[in-house]
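Asks: here's my sequence, what's the structure:
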Amino acid sequence: MPQSSTPPPSAPGRSGVTANVVRGCLGNLVEWYDWFAYATFSIYFASVFFPEGNQTAQLLSTAVVFAVGFFMRPLGGWLLGAYADRFGRRRALTLSVTLMSAGSLTIAFAPGHDVIGLWAPALLVLARLAQGLSVGGEFGSSASYLSEVAPAGRRGFYSSFQYVSIVLGQLAALLVAIVLQNLLTEDQLHGWGWRVPFVIGAIAGLVVMYLRRSMEESTHFEQEQARTAAERAGAAPAERKGLIALFAEYPRQLLAVFGLAIGGTVAFYTYTTYLQKYLVNTAGIPKATVTLIGFAALFVYMLMQPAVGALSDRVGRRPVMFAFSGGCMLLTVPLMTLLGRTSSPWIAFLLMTVALTFVTGYSALAAIIKAEMFPTKVRALGVGLPHALVTATFGGLTEPVALALKDAGRENLFFWYVTGCVGLTFLATLLVKEPSRTSHLDAPAAPAAAPAPSKTAPLA
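Replies: Next comes the predicted model:
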């Protein structure tokens, strides 16, 4: 077949791209809804899964189980990342949402401690293990898929919807909590109402699992499969894959992903989750008011993602990432200081929105800037594993570090801690190379019998 008659990869048409992106992001939304639903409703089901007695001990037990899921994320990033690179993005994304749905279903219908004794917390741990694997594997597979199905010149825009779906999942969990708290009594929430959000998550997960099975596979992965087949037939030279290839051939890219993720993750968790506790504990703003402030600011933050992603398509990834890291390095200390001293909800909302505007410079590009560093054969693993490791450590420790420093009377040191982490992202951005406007990604697909691999071209 003449080369000119072969359609360019990742160009199925705007409607096809949009449909695939929507199906990919819906799963991300459901996974993060389920993740945040656990944190939101743990105060209601702690007494169900753990023995009666000290309420603080029960809450601590649920927090430990939450942490178990958190620290399963690196394993998920490794296993599901490798699975996506070997068997396909679609299959990996379908598996990840299935694991999340199974975890939610288990929590929703698990009997309490008074019925099955120690099997109750055991089931809760099992469910969180599955959900931790799911979330850990979702980021790399999703980032790879979105970057590969998006057309040239629009990859930043389409990939930015990954964080749109993450924030929308957080908002959905918060909205369900607000609705249930207004419809049900405290006793009903403790008795059975807490199960409702997990039933919702399980059903939504099953629907998304069905939708993801009908997604088109990435052309880039199909080309990699053809190259692998030719390799096995002896028509192409063999290449290393998996962890060995990742660490041996792409150390600079791995280092860059670690650095980018550290500052971006700490800033994200600081301004999206910890800040709401900070406004209550330090600024003294009422909890109900802080909930509304957080909801409104996160909604605005969500809407900014596509605009900043599209901007990166025009000016490049590095300028936007430098704007995030440079802005947060300069503004974190004064912004957090002002937020801790204000009693005005409007000023708090404005300052939180300003902070999140700069964080958008990271989150809108988090998927694409990392995916463009690796070739197809290790892309999901190269993006997912370091991101999951950073999230499980720096992301998981953001709130404990902040609270420990506050308890020690040195809360201002946390502001400098965030600044230092963001400084690592600034340095990592120096390692990032802008992808060429015309790369192997935009070239016509190579024939299956004679693929043309490229080790260095972005999104090859």
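
Asks: verify the contact between S363 and Y269 for me.
Replies: No. Contact criterion CB atoms under 8 Å: S363 and Y269 do not qualify, at 11.3 Å. No exception for glycine: its C-beta is placed from N, CA and C like everyone else's.

Asks: skipping adjacent residues, who's closest to I178 in space?
Replies: Closest residue in space to I178, ignoring its immediate chain neighbours: T291 at 7.3 Å, by CB to CB, 6 or more residues apart in numbering.

Asks: what sits against the one you found?
Replies: T291 sits next to L174, I178, Q276 when contact means CB atoms under 8 Å, 6 or more residues apart in numbering.

Asks: who are the packing partners of whichever strand or helix holds the second one?
Replies: In other words, I178. Assignment of secondary structure by DSSP states H and E places I178 within helix 161-183. Counting contacts by 3 or more CB pairs under 8 Å, 6 or more residues apart in numbering; DSSP states H and E, helix 161-183 packs against helix 14-49, helix 119-149, helix 195-213, helix 287-315, helix 366-371.

Asks: buried deepest among those helices, which one?
Replies: Neighbour counts (mean count of other CB atoms under 10 Å) averaged over each of these peak at helix 366-371, with a mean of 28.

Asks: list the helices and strands that one packs on?
Replies: When contacts are defined as 3+ CB pairs under 8 Å, 6+ apart, helix 366-371 sits against helix 119-149, helix 155-159, helix 161-183, helix 251-269, helix 287-315, helix 317-341, helix 379-390.

Asks: how much does the third one deviate in direction from helix 14-49?
Replies: When you say that, I think you mean helix 161-183. Computed by axes from the mean of the first three to the mean of the last three CA atoms, to 10 degrees, the angle separating helix 161-183 from helix 14-49 equals 40 degrees.

Asks: got it, and the last one?
Replies: Computed with the same axes, to 10 degrees, the direction of helix 379-390 lies at 30 degrees from that of helix 14-49.

Asks: other SSEs contacting helix 379-390?
Replies: In terms of contacts (3+ CB pairs under 8 Å, 6+ apart), helix 379-390 is packed against helix 73-87, helix 119-149, helix 242-249, helix 251-269, helix 366-371.

Asks: among those helices, which is nearest A296?
Replies: helix 251-269 (17.7 Å; CB to CB).

Asks: pull the closest one out as PDB, backbone CA atoms only.
Replies: Taking Å, rounded to 0.1, in the frame of the first residue of the first chain, the C-alpha atoms of helix 251-269 are listed here in PDB:
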ATOM      1  CA  PRO A 251      17.100   7.600  33.300                       C
ATOM      2  CA  ARG A 252      17.000  11.300  32.500                       C
ATOM      3  CA  GLN A 253      13.300  11.100  31.700                       C
ATOM      4  CA  LEU A 254      12.600   9.200  34.900                       C
ATOM      5  CA  LEU A 255      14.500  11.800  36.900                       C
ATOM      6  CA  ALA A 256      12.500  14.600  35.200                       C
ATOM      7  CA  VAL A 257       9.100  12.800  35.900                       C
ATOM      8  CA  PHE A 258      10.100  12.400  39.600                       C
ATOM      9  CA  GLY A 259      11.000  16.100  39.900                       C
ATOM     10  CA  LEU A 260       7.900  17.300  38.000                       C
ATOM     11  CA  ALA A 261       5.700  15.200  40.200                       C
ATOM     12  CA  ILE A 262       7.100  16.100  43.600                       C
ATOM     13  CA  GLY A 263       6.400  19.800  43.400                       C
ATOM     14  CA  GLY A 264       3.100  19.400  41.500                       C
ATOM     15  CA  THR A 265       1.800  16.800  43.800                       C
ATOM     16  CA  VAL A 266       2.600  18.600  47.000                       C
ATOM     17  CA  ALA A 267       1.100  21.900  45.600                       C
ATOM     18  CA  PHE A 268      -2.000  20.000  44.400                       C
ATOM     19  CA  TYR A 269      -2.700  18.300  47.800                       C
END
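
Asks: buried ones in it, by neighbour count?
Replies: Of the residues in helix 251-269, those buried under the neighbour-count criterion (16 or more other CB atoms under 10 Å) are 253-254, 256-269.

Asks: off-centre distance for it?
Replies: Centre-to-centre, helix 251-269 and its host chain are 13 Å apart (CA atoms, centre = their mean, to the nearest Å).

Asks: now for that helix, which elements pack on it?
Replies: Short answer (3+ CB pairs under 8 Å, 6+ apart): helix 251-269 packs on helix 317-341, helix 345-363, helix 366-371, helix 379-390, helix 396-407, helix 412-429.

Asks: now the ones you listed as JSON lines including distance to L303 and mean pLDDT?
Replies: Listed next are the helices and strands packed on helix 251-269 as JSON lines, based on distance: least, CB to CB, whole Å; pLDDT from 0 to 100:
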{"stretch": "helix 317-341", "distance to L303": "17", "mean pLDDT": "95"}
{"stretch": "helix 345-363", "distance to L303": "10", "mean pLDDT": "96"}
{"stretch": "helix 366-371", "distance to L303": "17", "mean pLDDT": "92"}
{"stretch": "helix 379-390", "distance to L303": "24", "mean pLDDT": "92"}
{"stretch": "helix 396-407", "distance to L303": "24", "mean pLDDT": "84"}
{"stretch": "helix 412-429", "distance to L303": "23", "mean pLDDT": "95"}
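
Asks: of these, which is nearest H190?
Replies: Between H190 and the helices and strands packed on helix 251-269, the shortest gap by CB to CB is with helix 396-407, which sits at 24.8 Å.

Asks: buried ones in that closest one?
Replies: For helix 396-407, a neighbour-count test (16+ other CB under 10 Å) marks G396, T398, E399, V401, A402, L403, L405, K406 as buried.

Asks: got a list of what the residue lying closest to C421 once chain neighbours are set aside touches?
Replies: Distance criterion CB to CB, 6+ apart; nearest residue to C421, sequence neighbours excluded, is V266 at 4.2 Å. Applying CB under 8 Å, 6+ apart to V266 gives the contacts F394, G395, T398, Y417, V418, C421, V422.

Asks: pretty sure the third one is in contact with Y274, am I right?
Replies: Yes. With contact defined as CB under 8 Å, T398 reaches Y274; the gap is 6.0 Å.
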